[in-house]
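Quick one: sequence plus predicted model below, questions after.
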Amino acid sequence: MLMKKITFNALLNHKARNYKPMQIEVEKVILLYGKRFEQMKNHPLDDCPEIIENRDLMCMEGNTAHCILFLDANGSDGILVEAEGADYARKSQFIPNARAIVEANDITAGERQLHAELKAMADRIAELAHTGQKHFIFEDMLGDEDLRVLMIRTVAEMLDRREDLAEVRDHYLGIAGQADFTVTAKPTQEMKLYCPLEIQAEPQIYETDWDAPYEDDLEVIPSSCAYGCEDEINEAIEKYSEPEEKHRGLMVYYDANSPVNEKVVSAFPSVEVRNGELVGVLTCQITEPLTDSEMGEFQDWWSGQASDGWSESFEQREIKTDAFGTIYVSFWNSSDSWHIEAEMTDTADIEEEESLDMGGISM
């Protein structure tokens, strides 16, 4: 039988006598960004902060191994680990196409049934096509109300699994204009990630040619002197944003399979004055605090956006300012001093302050 060649990464045992698998229960799936997955794959006996943080989740119970599955954030493979209380992958196995296993496990019963119904619909259309029929109306193919109800129930199941929602109820009655879902989101709190900026300006006009710098040179503006450009830079950032970023900001580009994607509801870049200097800030709304490994994952992602992603494109855009003429702003520089600093905002205190003394009336 001719077939398309299948290619994937895997391990091959030399002269294996048998295979004796055990029951595996994956307690948590952790995405590894950047070089972290390659480091674990090539050096599994090195101490690993993600293993140390989740050590208590891993153990053996009879023939059942409670494990952590580490996924390559930029690929499909994974590494299954049961550390036996160690700081490294004491027991481990390379799992090819592990992402497909995770995604298949996330499919609800409704999704499976819906897939079967849609396949049956495709089969019916193919069957009718062989009788000479060419044109099909999807609404007609839906048939009775059962498939519509199944679709609503399936969406409700998928919503109910999300970590960022407090309550999901479906109450489909088939009445036009009547709500089919009631969905309540979890309250959020604010988290900010700060980073240094690199601000450069086009050279000023000089009286003599020999006083002027080379044409391609840009003058560096210290962050302590650029605080007057805050509004102009933020206006440029807002104009640079895409329509799909309206509600979630840069989180629309985050890995959909990561728990961080549901904990961090939105992430919007901007600049603000902090301790007398203009700095870059990613303002996030989160439903619950990130664990240490999740924070590391999120900061690695933002570092990538600052160096090679969102900021790499933004830093090439001209920004007109009154103080310095045309400037260019980057959220990244290659110096050792570049860093990310996280800060939580106590939203309860903010709400309390806003409720006090409005026009002499205590609210």
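It's in.

Roughly how far does Asn54 sit from Gln93?
Separation of Asn54 from Gln93 (Cβ to Cβ, to the nearest Å): 17 Å. In short, each C-beta sits where N, CA and C put it, glycine included.

again but with Pro21, I slipped
10 Å.

and Gln305, that's in a helix?
Yes: under DSSP: H, G, I helix; E, B strand; the rest coil, Gln305 sits within a helix.

Which residue of Pro21 and Gln93 possesses the greater neighbour count?
Neighbour totals were compared for Pro21 and Gln93, and Gln93 leads with 18 against 7 (other Cβ atoms under 10 Å).

Select the longest helix from the chain.
Ranked by residue count, the top helix of the chain under DSSP state H comes out as helix 109-129.

can you give me how far that helix is from the chain middle?
Centre-to-centre, helix 109-129 and its host chain are 32 Å apart (Cα atoms, centre = their mean, to the nearest Å).

what's downstream of that helix, the next helix or strand?
Following helix 109-129 in sequence order, the next helix or strand is helix 138-142 (DSSP states H and E).

May I have that following helix exported as PDB, CA atoms only?
Extracted C-alpha coordinates of helix 138-142, given in PDB (Å, rounded to 0.1, in the frame of the first residue of the first chain):
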ATOM      1  CA  PHE A 138     -25.700  23.800   5.500                       C
ATOM      2  CA  GLU A 139     -28.900  24.700   7.400                       C
ATOM      3  CA  ASP A 140     -30.800  22.100   5.500                       C
ATOM      4  CA  MET A 141     -28.100  19.500   6.300                       C
ATOM      5  CA  LEU A 142     -28.300  20.200  10.000                       C
END
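
where exactly do the helices run in the stretch 201-350 of the chain?
Counting by DSSP state H, counting those that start in this stretch, the stretch 201-350 of the chain has helices at residues 230-240, 260-263, 292-307, 310-314, 347-354.

what sits against Ala104?
With contact set as Cβ atoms under 8 Å, 6 or more residues apart in numbering, Ala104 has no partners.

Can you tell me the SS state at it?
Following three-state DSSP, Ala104 is assigned to helix.

if I look at it, how far off is Ala120?
On the measure of Cβ to Cβ, Ala104 and Ala120 end up 21 Å apart.

Show me which residues of stretch 265-284 are buried.
265-269, 271-272, 274, 278-284 (16 or more other Cβ atoms under 10 Å).

if we can go back for a sec, mind checking the helices of the stretch 201-350 of the chain for the one nearest to Ile137?
helix 260-263 (36.4 Å; Cβ to Cβ).

picking that back up, lowest-confidence stretch among the helices of the stretch 201-350 of the chain?
With a mean of 42, helix 347-354 has the lowest mean pLDDT of the helices of the stretch 201-350 of the chain.

any idea what sits nearest Phe268, other than its immediate chain neighbours?
Closest residue to Phe268 apart from its sequence neighbours, by Cβ to Cβ, 6 or more residues apart in numbering: Gly249 at 4.0 Å.

ok, now Met344?
Using Cβ to Cβ, 6+ apart, the closest residue to Met344 is Met191 (5.4 Å).

Test my guess that the one you found contacts Cys284.
Yes: between Met191 and Cys284 there is a contact at 4.6 Å, judged by Cβ atoms under 8 Å.

Which neighbours do the two have in common?
By Cβ under 8 Å, 6+ apart, the residues touching both Met191 and Cys284 are Val264.

Residue ranges in the chain under the pLDDT threshold?
1-3, 143-145, 204-216, 346-363 (pLDDT under 70).

all helices of the stretch 51-200 of the chain, in order?
With DSSP H, counting those that start in this stretch as the criterion, the stretch 51-200 of the chain has helices at 98-106, 109-129, 138-142, 145-160.

most centrally placed residue in this protein?
Among the residues of the chain, the one closest to the centroid is Tyr254, at 2.6 Å (Cα atoms, centre = their mean).

For that one, which residues are in contact?
Contacts of Tyr254 (Cβ under 8 Å, 6+ apart): Val260, Asn261, Val264, Ala267, Trp301.

Equivalent analysis for Arg161, please.
Asp106, Thr108.

Next, it: phi, psi?
phi -80, psi -10 (degrees, to the nearest 10).

what does stretch 300-309 rub up against?
Residues from elsewhere that reach stretch 300-309 (Cβ under 8 Å, 6+ apart): 33-34, 36, 193, 195, 250, 253-254, 260, 267, 280, 282, 311, 331-332, 340.

Kindly report the same for stretch 235-242.
In contact with stretch 235-242 (Cβ under 8 Å, 6+ apart) are residues Gly249, Pro269, Ser270, Val271, Ser313, Phe314, Arg317, Ile319, Val329.

Now with 6 Å, please.
Residues lying outside stretch 235-242 but in contact with it, judged by Cβ atoms under 6 Å, 6 or more residues apart in numbering, are Ser270, Phe314, Ile319.
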